[in-house]
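In: Pasting the sequence and the predicted coordinates here, then a few questions.
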Amino acid sequence: MGGVIILTPYTAFAEELEKVKNVEELMEFLKSISPKELMEAFREALWEKTKS
């Protein structure tokens with residue numbers, strides 16, 4: 001079960017990664033968001049997947 005919870009938001013995150021070709025842009029993006037915001041985004045992505 002734990003794997004699914006990690007993999008699902010990870011998939012959404014991977015889709016975002018595809019948009020960010022530049023590693024420096026990615027690093028700036030990661031620095032700009034707090035862990036709390038990251039968890040919220042993961043929760044929303046998970047919620048969207050479970051709804052459909």
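Out: Everything's here; your move.

In: residue ranges with poor pLDDT in this protein?
Out: For the chain, the stretches with pLDDT under 70 are 1-10, 19-22, 52.

In: all helices for it, in order.
Out: 2-19, 23-32, 35-51 (DSSP state H).

In: Give me the distance between the residue most central in space within the chain and Pro35.
Out: Centroid-nearest residue in the chain, with Cα atoms, centre = their mean: Phe13, separated by 3.2 Å. Going from Phe13 to Pro35 by Cβ to Cβ, to the nearest Å gives 13 Å. To be clear about C-beta, it is placed using only N, CA and C from the backbone, and glycine gets the same treatment.

In: again, but for Glu48
Out: For Glu48, the distance to Pro35 - Cβ to Cβ - is 20 Å.

In: Of these two, which one has the most company?
Out: Glu48 (11 against 7; other Cβ atoms under 10 Å).

In: rewinding a little: list the contacts of the residue nearest to the centre of the chain.
Out: 42, 45 (Cβ atoms under 8 Å, 6 or more residues apart in numbering).

In: and if we set it to 10 Å?
Out: By Cβ atoms under 10 Å, 6 or more residues apart in numbering, the residues touching Phe13 are 38, 41-42, 45.

In: so Ile33 makes contact with Phe42?
Out: No - Ile33 is not in contact with Phe42 according to Cβ atoms under 10 Å; the separation is 11.1 Å.
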